[in-house]
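Q: this is a predicted model, with the sequence first.
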Amino acid sequence: QKEVEQNSGPLSVPEGAIASLNCTYSDRGSQSFFWYRQYSGKSPELIMSIYSNGDKEDGRFTAQLNKASQYVSLLIRDSQPSDSATYLCAVNGRYGNNRLAFGKGNQVVVIP
Amino acid sequence: SQTIHQWPATLVQPVGSPLSLECTVEGTSNPNLYWYRQAAGRGLQLLFYSVGIGQISSEVPQNLSASRPQDRQFILSSKKLLLSDSGFYLCAWSVRPTEAFFGQGTRLTVV
């Protein structure tokens, strides 16, 4: 099992719809979880971080964490063309572990 | 505020040539530092990370090496580049197990 998995293929959503992205991780002791957005040819930028079970909302973005099921998700509400990018899930390991591992990413295309 | 500098932005190198990429961080002390590589159409592969001066953890055995000669300086090197070393190299920093922030990246093409 890969350390961080994002299995969905490219996601096309109409403008104004909700985009939903999922990520699973293998280390049950993982403590910190992040979502990054990466535009083509650019470096990743942090959009959400979540550390405890439940939902965290920031503007049009909501991160959801379920440690028992070892998954973290990202919802993008009212999707805009500017949200078209690759979204990377990242997981930091057990407390004191300084590794930050990334999934391969999911491409989102918002259709005007 | 913290900033991270990574250079050069693009690099074209012949096979067998050496490599040196440098990354420096400003505005923070004793950060964790990371080198990632992203091949075309693929995810981020962790190459090295460092929790302090002279402390390097290697993730993938290959012809690359990393060094941290100063607290806020991280260098990625190779003695002889391979075609497979082409990719987008990213340096990042974090303060312990929290979010990481990336430099602008170096796009390396080995020809």
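A: Okay, I see it. Predicted, not measured: the structure shown is a model, and the values here were computed from it.
Q: for chain A, which residues are neighbours of chain B?
A: Proximity of chain A to chain B (CB under 8 Å from any CB of the partner chain) is limited to residues A:31-32, A:34, A:42-46, A:49, A:88, A:90, A:92-93, A:95-105. (Each C-beta comes from the backbone N, C-alpha and C, glycine too.)
Q: next, count neighbours for the residue of chain B found nearest chain A.
A: Residue nearest to chain A within chain B: residue B:43 (3.3 Å; CB to the nearest CB). As a burial measure, residue B:43 scores 19 neighbours (other CB atoms under 10 Å in any protein chain shown).
Q: which helices and strands does the helix or strand bottoming out on mean pLDDT in chain A pack with?
A: Sorting the helices and strands of chain A by mean pLDDT, DSSP states H and E puts strand A:100-102 at the bottom, at a mean of 88. In terms of contacts (3 or more CB pairs under 8 Å, 6 or more residues apart in numbering or on different chains; DSSP states H and E), strand A:100-102 is packed against strand A:85-92, strand B:44-52.
Q: can you rerun that using 6 Å?
A: strand A:85-92 (3 or more CB pairs under 6 Å, 6 or more residues apart in numbering or on different chains; DSSP states H and E).
Q: what angle do the strand it packs on and strand B:44-52 make?
A: Computed with axes from the mean of the first three to the mean of the last three CA atoms, to 10 degrees, the direction of strand A:85-92 lies at 40 degrees from that of strand B:44-52.
Q: about what we covered before: in three-state terms, label the closest residue to the residue of chain B closest to chain A other than its chain neighbours for me.
A: What sits nearest to residue B:43 in space, not counting adjacent residues and going by CB to CB, 6 or more residues apart in numbering or on different chains, is residue A:104, at 3.3 Å. Secondary structure, DSSP: H, G, I helix; E, B strand; the rest coil: residue A:104 is coil.
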